[in-house]
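Provided below are the primary sequence and the corresponding predicted coordinates.
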Amino acid sequence: MNNYNNTKRVPLSEGYTAVMGMGKTGVACVRFLAKQGESVCVMDSRPTPPGLTILAEECPHIPRTVGGFAAQQLAAANEIVISPGISVRDPALAPAIARGVPIISEIELFARHANAPIVAITGSNGKSTVTTLVGEMAKQAGWRTQVGGNLGTPALELFCYPPPDLYVLELSSFQLETTYSLNPKAAVVLNVSEDH
């Protein structure tokens, strides 16, 4: 895997991206943005989120806030990346929304940088099964294929591997809600039912 620890630190007053959430997706976003040389801060509502120790070790220069979301820091950001488990209706986002700060998902970041065709799979049920099957079918057809997204491996972590011929992504409605530039080669909506 690539080493994301980038010791370049730009003061947050010069413009930064705020990442909300320190789970798998949030950690992947921080690693990716740090590797790109971006100024980043990360926060989580939990007092001891799962990615806190990893980020402290890999990216000690990146400011981390736990136990709540810092609304003022969010409102001052150039862009906010939210993890799928965080609602765009979270009250801490209200000042940022009022100021017009873009709120995006990890999938939006991925879409901006992906250089291979994408198959996007969404729906209420069956996403993981179909994503896995499509990935295996593409591999059996001889395509170098990377599978991820909501399936378990964050999409941005797929950039740590050699470039594929095809990305196959499982996408939740929460990820798609803040994704704007995804242009998949093929997209599937398996079904739509009440929120589960």
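Looks like it arrived, so ask away.

What residues sit buried inside stretch 177-186?
Residues of stretch 177-186 classed as buried: 178-179, 182, 184 (neighbour count, 16 or more other Cβ atoms under 10 Å). (C-beta placed from N, C-alpha, C; glycine too.)

any idea how far the residue in the chain sticking out farthest from the centre lies from Lys35?
Within the chain, Ala141 marks the point farthest from the mean C-alpha position, 28.7 Å out by Cα atoms, centre = their mean. Going from Ala141 to Lys35 by Cβ to Cβ, to the nearest Å gives 31 Å.

quick one, longest helix in this protein?
Criterion DSSP state H: the longest helix present in the chain is helix 127-140.

Which phi and psi values does the most centrally placed residue in the chain adopt?
Geometric centre of the chain, nearest residue: Glu106, 2.0 Å, by Cα atoms, centre = their mean. For Glu106, the backbone dihedrals (degrees, to the nearest 10) come out as phi -60, psi -40.

The one 5 residues further on too?
When read as degrees, to the nearest 10, the backbone of Ala111 gives phi -60, psi -30.

Return the residues in contact with the nearest residue to it once chain neighbours are set aside.
Leaving aside its chain neighbours, Ala111 sits nearest to Leu182 (4.2 Å; criterion: Cβ to Cβ, 6 or more residues apart in numbering). Neighbouring residues of Leu182 by Cβ atoms under 8 Å, 6 or more residues apart in numbering: 107-108, 111, 118, 120, 176.

Show only the entries of the residues you listed found in helices.
Those of the contacts of Leu182 lying in helices (DSSP H): 107-108, 111, 176.

follow-up on the earlier one: wait, which of the contacts of Leu182 is closest to Asn78?
Set against Asn78, the nearest of these by Cβ to Cβ is Glu108 (14.0 Å).

domain ranges for this protein?
With the TED database as the criterion, the domains of the chain are listed as 17-101, 109-189.

May I have the beta-bridge partners of the closest residue to Ala186 other than its chain neighbours?
In space, and not counting its chain neighbours, Ala186 is closest to Val119: 4.8 Å by Cβ to Cβ, 6+ apart. Here Val119 sits in beta bridges with Val168, Ala186, going by DSSP bridges.

re earlier: remind me what the longest helix of the chain packs against, helices and strands.
Secondary-structure packing of helix 127-140 (3 or more Cβ pairs under 8 Å, 6 or more residues apart in numbering; DSSP states H and E): strand 118-122, strand 145-149, strand 166-170.
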